[in-house]
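Novice: structure for this input, please:
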Amino acid sequence: MIPDFKKELESTNSQLLRFNRLETLQINLGNRCNQSCAHCHVQAGPQGQRIMSKSVMEKIINFLQNHPGLCIDLTGGCPELNPDFKFFVENVHEFASPLMVRTNLTVFFEPGLEWIPRWYQEHKVVVISSLPCYTPVNVDKQRGEGVFEKSVKALKMLNKLSYGSDNGPKLNLVYNPGGDFLPGPQEQLEADYKRELNNKYGVMFNNLFTIINAPIGRFRQHLEANGRLKQYLQMLAENFNTKAAENIMCRNLVSIDYRGMLYNCDFNQALGLPIIDAAGNNLSIEQLDDILTEGIEIITGEHCFCCTAGAGSSCTGSLIK
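Specialist: As a prediction, the model looks like this:
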């Protein structure tokens, strides 16, 4: 039987169930993507229709004008495929500290998008790139045929713009396991990535983030199809780490979907579990200021064990360094 995550947190520290302070605003610009990755928790793909409109973007921009200095984390799908992506970045980058974009790298080679790498450099965008392994076989198995080759080519383009160097803009990579197991130590994996990518391809980057696969979306479907869902959930629960739990990202992050609705994290967003007020009403960007003054209880579920297993997991990697 899978334990109740809420009770696990309460037994650790009841304050962990409440939002603390806003440090990161993660904004999902939509589920359209030029890839259809096997692990994708938002089930993004080329046919994605949940696209953030310009009117929702303008509401977010208005909020940021009154709350400068937040970390702005743009994600998707593939955020660059939102038709108003350029408008949004140009209007939020001056308020962000930092401004991060989660890219799949291969989007740079889509027709009409070859300008993006240099434009990222000009706007001081921190690039976070998905690369689940440093070998072609493993990457292509998870993300599609030919993705590794295109990804390396894109990384070299970014390196030429000083991304990944000690004094250049930040280039961070993301590793997630290729199956139903926990990642190895982040520090060791980062060293392995840097050695292999530099020696074989001449690629440099700054940091590697290890992220545990959430048992939702396509990955959950994969687990169910192979009769492994219960075992995976049990493994996550058995590896619950109180030190990781003390640093869960949902206490300092709010996620916004394409409609402007608010969530504790991108996983809750994918599951349709929005932030609610005391009366049970779903909250949107218009009520974000209320959350900051009143505080909220974090919505939890069995999927939350993926953030507290082992060394923990967040959008910027392990919770225990």
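Novice: mind listing the helices for the stretch 51-200 of the chain?
Specialist: Ranges of helices in the stretch 51-200 of the chain, per DSSP state H, counting those that start in this stretch, are 54-66, 85-92, 116-122, 136-143, 147-160, 186-201.
Novice: please apply the same query to the stretch 201-321 of the chain.
Specialist: Assigned by DSSP H, counting those that start in this stretch, the helices in the stretch 201-321 of the chain fall at 217-225, 229-238, 242-245, 266-271, 288-294, 305-308.
Novice: ok, residues contacting the lowest-mean-pLDDT helix or strand in the chain?
Specialist: Every helix and strand in the chain was compared by mean pLDDT, DSSP states H and E; the lowest is helix 288-294, with a mean of 84. Helix 288-294 has contacts (CB atoms under 8 Å, 6 or more residues apart in numbering) with 19, 21-22, 63, 66, 254, 262, 275, 277, 283. The C-beta positions use only the backbone N, C-alpha and C, and glycine is treated the same way.
Novice: using TSV, please lay out the helices of the stretch 51-200 of the chain together with mean neighbour count and mean pLDDT.
Specialist: Shown next, in TSV, are these (neighbours: other CB atoms under 10 Å; pLDDT from 0 to 100):
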stretch	mean neighbour count	mean pLDDT
helix 54-66	15	97
helix 85-92	18	96
helix 116-122	17	96
helix 136-143	18	86
helix 147-160	20	96
helix 186-201	16	97
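Novice: so, low pLDDT: which residues of this protein?
Specialist: Scanning the chain for pLDDT under 70 picks out 38-39.
Novice: buried ones in the lengthiest strand in it?
Specialist: Secondary structure assigned by DSSP state E gives strand 96-103 as the longest strand of the chain. Across strand 96-103, burial judged by 16 or more other CB atoms under 10 Å covers 96, 99-103.
Novice: stretch 3-20: which residues count as buried?
Specialist: 5-6, 8-9, 12, 16-17, 19.
Novice: in stretch 76-85, what counts as buried?
Specialist: Going by neighbour count (16+ other CB under 10 Å), the buried part of stretch 76-85 is 76-82, 84-85.
Novice: sorry, that was for stretch 288-300
Specialist: 288, 291, 296, 298-300.
Novice: of the helices of the stretch 51-200 of the chain, which approaches residue 43 most closely?
Specialist: Ranking the helices of the stretch 51-200 of the chain by their distance to residue 43 (criterion: CB to CB) puts helix 136-143 first, at 14.2 Å.
Novice: so what touches the closest one?
Specialist: Helix 136-143 is touched from outside by 35, 37-39, 104, 130-133, 146-149, 151, 178, with contacts defined as CB under 8 Å, 6+ apart.
Novice: measure the closest residue in space to residue 182 that isn't next to it in sequence to residue 70 for me?
Specialist: In space, and not counting its chain neighbours, residue 182 is closest to residue 310: 4.6 Å by CB to CB, 6 or more residues apart in numbering. Distance check for residue 310 against residue 70: by CB to CB, to the nearest Å, it reads 29 Å.
Novice: over to residue 184?
Specialist: According to CB to CB, residue 184 stands 32 Å off from residue 70.
Novice: ok, these two, which is more surrounded?
Specialist: Neighbour count, other CB atoms under 10 Å: between residue 184 and residue 70, residue 70 has more, with 20 against 14.
Novice: the residue lying closest to that one once chain neighbours are set aside in helix, strand or coil?
Specialist: Take residue 70 and drop its neighbours on the chain: the residue closest to it by CB to CB, 6+ apart is residue 25, 5.2 Å away. Here residue 25 is recorded as strand under DSSP: H, G, I helix; E, B strand; the rest coil.
Novice: so residue 25 touches residue 254, yeah?
Specialist: Yes. With contacts counted by CB atoms under 8 Å, residue 25 reaches residue 254, the gap being 5.9 Å.
Novice: let's have the helices of the stretch 51-200 of the chain in JSON lines, adding distance to residue 170.
Specialist: Below are the helices of the stretch 51-200 of the chain laid out as JSON lines (distance: least, CB to CB, whole Å):
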{"stretch": "helix 54-66", "distance to residue 170": "20"}
{"stretch": "helix 85-92", "distance to residue 170": "16"}
{"stretch": "helix 116-122", "distance to residue 170": "11"}
{"stretch": "helix 136-143", "distance to residue 170": "22"}
{"stretch": "helix 147-160", "distance to residue 170": "10"}
{"stretch": "helix 186-201", "distance to residue 170": "14"}
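Novice: so which of those helices is nearest residue 235?
Specialist: With CB to CB as the yardstick, what comes closest out of the helices of the stretch 51-200 of the chain is helix 186-201 (18.6 Å).
Novice: distance from that closest one to the middle of the chain?
Specialist: When distances are taken as CA atoms, centre = their mean, to the nearest Å, helix 186-201 is centred 21 Å away from the chain's centroid.
Novice: so residue 235 touches residue 180, yeah?
Specialist: Yes. Taking CB under 8 Å as the definition, residue 235 is a contact partner of residue 180 at 7.4 Å.
Novice: quick one: residue 281 from residue 299, how far?
Specialist: Look at residue 281 and residue 299: by CB to CB, they are 13 Å apart.
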